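In: okay, sequence plus prediction incoming.
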Amino acid sequence: MSTIEPLTISVEEAGRMLGVSRGVAYEAARSGQLPTIRLGRRILVPRARLLELVGADRTPEMREPGSSRAQGSRGADDVQGTA
């Protein structure tokens with residue numbers, strides 16, 4: 001029997017997945033940093049959008065070359081010596 005995961009999770013669950021407190025998760029939802037949808041009185045986080053947000057939806061071979069480096073940082077081969 002296959003297990004189907006829900007397409008959405010609660011803001012609290014998203015916060016746990018991200019390793020942040022409940023308050024931080026709700027603040028991120030309010031500010032738009034955390035993608036949400038509203039169904040009646042419930043605020044839900046689309047699982048796919050959350051995974052996309054943290055880059056977990058892409059396999060390593062799909063990532064752009066050099067994407068593991070911080071933007072603006074230079075590798076050893078990029079550094080030009082001064083004479």
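Out: Thanks, I have the structure now.

In: and residue 51, what pLDDT?
Out: Looking at residue 51, its pLDDT is 94.

In: now do residue 2
Out: 73.

In: likewise residue 23?
Out: At residue 23, pLDDT is 98.

In: list the contacts of the helix or strand harbouring it.
Out: Following DSSP states H and E, one finds residue 23 within helix 22-31. Residues from elsewhere that reach helix 22-31, judged by Cβ atoms under 8 Å, 6 or more residues apart in numbering: 11, 12, 14, 15, 18, 20, 34, 36, 43, 45. Every residue, glycine included, has its C-beta placed from N, CA and C.

In: could you list the buried residues of that helix?
Out: 25, 26, 28, 29 (16 or more other Cβ atoms under 10 Å).

In: please name the nearest non-neighbouring residue to the first one.
Out: When you say that, I think you mean residue 25. In space, and not counting its chain neighbours, residue 25 is closest to residue 15: 2.9 Å by Cβ to Cβ, 6 or more residues apart in numbering.

In: sort out which residues of stretch 5-14 are buried, please.
Out: 8, 9, 11, 13, 14.

In: wait, what's in contact with the closest residue to the second one other than its chain neighbours?
Out: Put plainly, it is residue 9. The shortest distance from residue 9 to any residue other than its chain neighbours is 5.3 Å, reached at residue 45 (Cβ to Cβ, 6+ apart). For residue 45, the contacting residues are 8, 9, 10, 11, 13, 14, 29, 34, 35, 36, 37, by Cβ under 8 Å, 6+ apart.
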